[in-house]
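1. turn this into a structure:
(chains A and B)
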Amino acid sequence: MYSKKPINYYSPFLQITKALKELGSIGAMFLETVYQTFRKPFKLNYIFKQMEFIGVNSSVIVIITGVFTGMVLALQSYHGFRKFGGEGLVGATVALSMTRELGPVLTALMVTGRAGSAMAAELGTMRVTEQIDALTVMALNPVKYLVVPRVVAAFFMLPVLTIISDFVGIIGGYIVGVKLLGINEGAFITKIIKHLDLDDIYNGLIKAACFGIILSLVSCYKGFYTSGGAEGVGRSTTEAVVVSSVSILISDYVLTSLMF
Amino acid sequence: MEDVAIRIVDLQKSFGEQRVLDGINLEVEAGKITVIIGKSGGGKSVLLKNVIGLIKPDSGEIWIDGVETTSLSERDMNNIRMKFGMLFQEAALFDSMDLFDNVAFPLREHTKMSENEITSTVEERLKQVGLTGFSEKMPSELSGGMRKRVGLARALVLDPEIILFDEPTSALDPIISLTILDLIKQTQTYFKKTYLVISHDILGMFRIADKVAMLYNGKIIEYGTPHDIKRSTNEATKEFLNATKIPGFTGGDL
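-> Numbering: from 1, shown residues only, chains lettered A, B, ... in the order given. Model prediction:
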């Protein structure tokens, strides 16, 4: 059916061209998604369903990740700060690391693994079983029905999950620092209040929203343009997780350097 | 109403080096069942997808109800698509929805019917395809034949003028194939819509076809009634027909 002409996939120029083409297609899908988001009819029930899947169903895994990250941060920084008698700063360290960096990034990575992979697999299966074509044939825009709900839901739910992660992370730090390691409770809390600004939290949440768009868009894109049956669905799912995760980490650096 | 529902003029489509459609000319008559026969991988699906606008041709024209569709914008094409229903090869039911919601989906998206009207319409359609009482089943719980019947119900639910069938009997056993073919024939006799079927199941298709077109090497090499095709002197057509005969067994004779 398709050209059998051998292509040298190892040529670096071809790889770069391919990557740029893909970036362009993702950009085009983003524009189409934005356009369809603000066009009637609004598919609110689809969005709520995805919010439940991306947000509510990810909360347990985000809580576990957040608590243990906060706990290990407290433990590590306690041993460092103790050398020069700065145990009181453990609380502030945990709070700043969680809100500015680890809360949004770890949440985004966990949601990528859980929901991003599912998006790519589901859309990929819909593609190879012609369900996406069926939508087109019914004169319905597949981006509106499949991509928009997922991107909008991720955009709103990632900040919510990040707030939860920030909060339980600090609680985890408090449990380890104050209850297990015996840091003065007053010092722990006042240092957090002194050093943690609302801006730290806001910027973390803005990052989270951006990560939400990135991971959902990349995962939907990979699923949407799947070809090659079951093997293709597997490939799309892997690529969705890898590309989303790498994009999250790269954009995290860019966003951080712009914000702080 | 015009007699020709779909007019295809010199349609060409290549994938890379391979020319899949090499100048297709075909007139699909309104209110009839037209079957396009050809071997697997011979471009039948590509032709069908060109008609519905899932694939854009390299050159050529497709006229549907007097409108040339290959150059239309997506929005204008969607107006044309509203005239169509399509039964996909694997039925392409939405597997996140039960059967009722699958058949109700086009009604909910394209009409202002109340839920009560939708319920009665969907029940009626499921009854037509012999699936009363299955409305709460999920597609994954059904056999291939049942899925195709639901796909047919969904394709017919908005009363489209033209219904496309992509290999309606592939991957089905001969008995189930017959029930699907009978269902296609029955609904067509009842609703008098235009049916365009692509298939390599030549025996099955001769049961239902009003007109048969033979696709070979990217061209329509033969077009006529099943009777004409059976008497064809064309080598490629004869080869295709002979392949269905089983030596020493009359059941395969046409």
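2. from now on I want contacts and neighbour counts done on CA atoms only, so please keep to that.
-> Noted.
3. and residue A:59, how many neighbours?
-> Look at residue A:59: counted by other Cα atoms under 10 Å in any protein chain shown, it has 20 neighbours.
4. quick one: it and residue A:162 touch, right?
-> No: applying Cα atoms under 8 Å as the test, residue A:59 and residue A:162 come out as separate, 9.7 Å apart.
5. what's the helix or strand for residue B:54?
-> Using DSSP states H and E, residue B:54 falls within no helix or strand.
6. kindly apply the preceding question to residue B:212 instead.
-> Using DSSP H and E, the element containing residue B:212 is strand B:211-216.
7. is there proximity between that strand and chain A?
-> No: using Cα under 8 Å from any Cα of the partner chain, we find that strand B:211-216 stays clear of chain A, coming within 14.8 Å at best.
8. walk me through which strands that strand pairs with, and which way each runs.
-> Strand B:211-216 has the following strand partners under DSSP bridges: strand B:33-37 (parallel), strand B:219-224 (antiparallel).
9. which residues touch residue B:74?
-> Neighbour list for residue B:74: empty [criterion: Cα atoms under 8 Å, 6 or more residues apart in numbering or on different chains].
10. same question but for residue B:7, I mixed them up
-> So residue B:7 contacts B:25-28, B:62-64 (Cα under 8 Å, 6+ apart).
11. next one: residue B:146 from residue B:183, what distance?
-> 12 Å (Cα to Cα, to the nearest Å).
12. hang on, I meant residue A:127
-> 28 Å.
13. which of these two has more residues huddled nearby?
-> residue A:127 (22 against 18).
14. would you mind measuring from that one to chain B?
-> 10 Å (Cα to the nearest Cα, to the nearest Å).
15. cool, residue A:58 as well?
-> Using Cα to the nearest Cα, we find residue A:58 at a distance of 20 Å from chain B.
16. and if you look at residue A:30?
-> 18 Å.
17. go ahead and report the secondary structure state at that residue.
-> helix (DSSP: H, G, I helix; E, B strand; the rest coil).
18. could you find the closest non-adjacent residue to it?
-> In space, residue A:30 comes closest to residue A:217 once its chain neighbours are excluded; the distance is 7.0 Å by Cα to Cα, 6 or more residues apart in numbering or on different chains.
19. so the one you found sits right up against residue A:26, yeah?
-> Yes: under the criterion of Cα under 8 Å, residue A:217 lies in contact with residue A:26, with a separation of 7.4 Å.
20. where along the stretch 1-150 of chain B do the strands fall?
-> B:4-15, B:18-29, B:33-37, B:59-64, B:67-68, B:84-87 (DSSP state E, counting those that start in this stretch).
21. strands paired with the first one, and their directions?
-> What that stands for is strand B:4-15. For strand B:4-15, the paired strands and their directions (DSSP bridges) are strand B:18-29 (antiparallel), strand B:59-64 (antiparallel).
22. would CSV of the ones you listed with mean neighbour count be doable?
-> Output for these, formatted as CSV (neighbours: other Cα atoms under 10 Å in any protein chain shown):
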stretch, mean neighbour count
strand B:18-29, 19
strand B:59-64, 19
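23. so can I have TSV of these showing distance to residue A:208 and mean pLDDT?
-> Formatted as TSV, those follow (distance: least, Cα to Cα, whole Å; pLDDT from 0 to 100):
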stretch	distance to residue A:208	mean pLDDT
strand B:18-29	47	92
strand B:59-64	47	94
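24. quick one on the thing from earlier: between residue A:217 and residue A:26, which has more neighbouring residues?
-> Using other Cα under 10 Å, the more surrounded residue of residue A:217 and residue A:26 is residue A:217, with 28 against 18.
25. now do the same contact list for that one.
-> A:26, A:29-30, A:147, A:151.
26. check residue B:177 too.
-> Applying Cα under 8 Å, 6+ apart to residue B:177 gives the contacts B:145, B:168-169, B:204.
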